[in-house]
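Q: Dropping a prediction and its sequence here:
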Amino acid sequence: MNQDNPLKKIFYAASRTGKMFHRSNAFVRGLMGPVGSGKSVCCVMEILRRAMEQMPDPEGVRRSRWAVIRNTYPELKATTIKTFQAWIPEEVCPITYSSPIQGKTWFRHHDGTFVEMEVLFVSMDKAKDAKKVLSLDITGAWINEVREIPKTIVDAVIGRCGRYPSGRLGIPTWSGVIMDTNPPDDLSWYYHLAEEETPDDWEFFRQPGGLVKVEHDDGSHEYKPNPLAENLENLPEDYYSRQAKGAAEAYIDVMCCAEYKPMFDGKPVYKGSWNSNVHAAKESLEYLPGIPLILGWDFGRTPACVIGQAAPDGQLRILDECYSDDSGVRAFAENQVLPLLARRFPGCRIESFGDPAGAAKGQANEESCFSELEVLGIPTVPACTNEQLPRIEAVIKCLNRMIGGRPGFIVDPRCKRIIRGFEGGYNYAVVGKLMGGGEVKYAEVPVKNSYSHIADALQYLCLGFSPDRIAARTAAVRQIQTVIRKQQSYQYNPLAL
Ligand SMILES: Nc1ncnc2c1ncn2[C@@H]1O[C@H](COP(=O)(O)OP(=O)(O)OP(=O)(O)O)[C@@H](O)[C@H]1O
Ligand SMILES: [Mg+2]
């Protein structure tokens, strides 16, 4: 093993934002920037630096253990580990391709102490490795391209930090999580925490874009090099302008200008039926008291609920959305859905439909999702199917309906996730290119992502919605002849909560 101080071999000067990132001692730090801005290198150097600053143990060894996390194994190997090794070479930190992949350094610090830095490289698509690393005691972690990682995993990683060294070896001099990313969607957890509600002891850093978008009065725009861009000295000339040529606008805005924006490459599930100009209402939709709300539910650990209402002419109006990244259905209904109903729709009546799979008894208790909702006073019936195709068709049927020149389906602007899903977030992922013509091949079922759960809930709502039934009800208010199934309608009284 090499006993030399690796600093002799590494020449690193941080960028302006990089310096601020290094200077911060926040427990969780985010670094966002355009492609090629030096984010990964900055994080590699931050780990090395914190390892060298670790207080020596009684034997004079500065011990620390780090997890380096990436969403997929191919990207971990091809990108993350490559960057790591380019800056902390093999002779300083030999890497063993075990499960998980591990690196270990041992070198003499200039003050005579030793630095022992263990690094575990793990991808979240290898469940066994992820489980192993998330059960270890670590000093800290670097989550590379964190926009690809669910918040629940970030939380789990945070929970493992600060637990090594311990006992007679001392305590971590600094512990925490560093994470870097290209800009995510503005509906992402990262955006929320960086721009809206930053937790105590978290700090977010944003590098300037490589290009700036200049908007003209006539509605056109152009991209110009940004004089404030960082790391240009280590990139090829015209790096950003060159890659912007011919690229899609969303790509340039996100990857070159470093703007928060969604970037979808799959095929939108409702392509050809959804039209933002027609189906996305410009103004908030009014609640019509006296007419029942229609609820659609998706269950599981990422529950979602969509709230709609049929106008007297049969137009289906989607009024609100509720979702959670990590909750059981009961807590979700209790903490989010019921308070929303009480606040926005006091005294409403409800017809509620859910994923039929929710009829199975839970693992934690003997309750099904339907009985949990029943207990809370939201009687819900299983939708007629949870087969993918009829669910999608139910939504398409609603999207394609016109009522006297008006759209038969309209979404309130506050339903940001539903609308983003329609615009492409809910999509068929690209699974490869067909041989020969280079035609793109898509998955047969929609991708599971942060838009799919609310999209599923909307499908159950649309399966439960029947325009004929609504019309009949309007014609004879007191003679509702519904009841395809039992208990579809009930009086919801928020005061009884
Ligand atoms: N401080 C630095 N000194 C010298 N070269 C650097 C420095 N920082 C980054 N580089 C080089 O610049 C290039 C881009 O750096 P890096 O991979 O860290 O960027 P990134 O922001 O992580 O990019 P991406 O968005 O593609 O992940 C690499 O070739 C890297 O070696
Ligand atoms: Mg990178």
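A: Received the coordinates, thanks. Ligands and ions are numbered 1, 2, ... in the order given.

Q: contacting residues for the residue of the stretch 251-400 of the chain found nearest ligand 1?
A: Nearest to ligand 1 in the stretch 251-400 of the chain, going by Cβ to the nearest ligand atom, is Met255, at a distance of 7.5 Å. In short, each C-beta sits where N, CA and C put it, glycine included. The neighbours of Met255, taking Cβ atoms under 8 Å, 6 or more residues apart in numbering as the test, are 34-35, 182, 243, 263.

Q: So what does it look like in phi/psi?
A: phi -80, psi -30 (degrees, to the nearest 10).

Q: which residue packs closest to it, ignoring adjacent ones?
A: Val35 (4.5 Å; Cβ to Cβ, 6 or more residues apart in numbering).

Q: wait, that neighbour sits on Cys256?
A: Yes - with contacts counted by Cβ atoms under 8 Å, Val35 reaches Cys256, the gap being 7.0 Å.

Q: Need the overlap of contacts for those two.
A: 210, 243.

Q: Look at these two and report which has more neighbours.
A: Cys256 (26 against 16; other Cβ atoms under 10 Å).

Q: Give me the pLDDT for the more buried one.
A: pLDDT for Cys256: 98.

Q: Can you name the residues that contact the closest residue to ligand 1 within the stretch 101-250 of the chain?
A: Residue of the stretch 101-250 of the chain nearest ligand 1, by Cβ to the nearest ligand atom: Asn234 (3.6 Å). Counting by Cβ under 8 Å, 6+ apart, Asn234 touches Gly38.

Q: where are the low-confidence patches of the stretch 351-497 of the chain?
A: 363-364, 434-437, 467-497 (pLDDT under 70).

Q: Taking it, what residue is nearest to ligand 1?
A: Counting by Cβ to the nearest ligand atom, the stretch 351-497 of the chain gets nearest ligand 1 through Val430, at 19.8 Å.

Q: So in terms of bridging, what pairs with that residue?
A: Beta bridges link Val430 to Tyr442, judged by DSSP bridges.

Q: tally of neighbours for it?
A: Neighbour tally, Val430, other Cβ under 10 Å: 14.

Q: got it, and Ile101?
A: 21.

Q: Quickly find the element holding the nearest residue to it once chain neighbours are set aside.
A: Closest residue to Ile101 in three dimensions, ignoring its sequence neighbours and counting by Cβ to Cβ, 6+ apart: Phe121, at 4.1 Å. Here Phe121 sits within strand 114-123, counting by DSSP states H and E.

Q: mind checking how far that strand is from the chain centre?
A: 27 Å (Cα atoms, centre = their mean, to the nearest Å).

Q: ok so, going back, most neighbours, which of the contacts of Met255?
A: That'd be Pro34 among those, by other Cβ under 10 Å, with 26 neighbours.

Q: Wait, it touches Ala229, no?
A: Yes - Pro34 is within contact range of Ala229, at 7.4 Å (criterion: Cβ under 8 Å).

Q: The contacts of Met255 into a markdown table, with extra columns for secondary structure and distance to Ser450?
A: What follows is the contacts of Met255, written out as a markdown table (DSSP: H, G, I helix; E, B strand; the rest coil; distance: Cβ to Cβ, whole Å):
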| residue | secondary structure | distance to Ser450 |
| --- | --- | --- |
| Pro34 | coil | 23 |
| Val35 | coil | 22 |
| Asn182 | coil | 17 |
| Gln243 | helix | 27 |
| Met263 | coil | 13 |
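
Q: Among these, which ones lie close to ligand 1?
A: 35, 182 (Cβ under 6 Å from any ligand atom).

Q: which of the contacts of Met255 sit farthest apart?
A: The distance between the two most remote of the contacts of Met255 (Cβ to Cβ) is 14.1 Å, for Gln243 and Met263.

Q: Going along the chain, name the strands of the stretch 51-200 of the chain.
A: 61-70, 95-96, 101-108, 114-123, 140-144, 176-181 (DSSP state E, counting those that start in this stretch).

Q: which one of those lies closest to Gly425?
A: strand 176-181 (17.8 Å).

Q: elements contacting that closest one?
A: Helices and strands in packing contact with strand 176-181 are listed as strand 28-32, helix 39-53, strand 140-144, helix 151-160; criterion 3 or more Cβ pairs under 8 Å, 6 or more residues apart in numbering; DSSP states H and E.

Q: Please identify the deepest-packed of these.
A: strand 140-144 (a mean of 26; mean count of other Cβ atoms under 10 Å).

Q: most tightly surrounded among the strands of the stretch 51-200 of the chain?
A: For the strands of the stretch 51-200 of the chain, the highest mean count by mean count of other Cβ under 10 Å goes to strand 140-144, at a mean of 26.

Q: Is any residue of it near ligand 1?
A: No - Strand 140-144 lies out of reach of ligand 1 by Cβ under 6 Å from any ligand atom, never closer than 7.7 Å.

Q: where do the contact lists of Pro34 and Ala229 overlap?
A: With Cβ under 8 Å, 6+ apart as the test, Pro34 and Ala229 both reach 209-211, 240.
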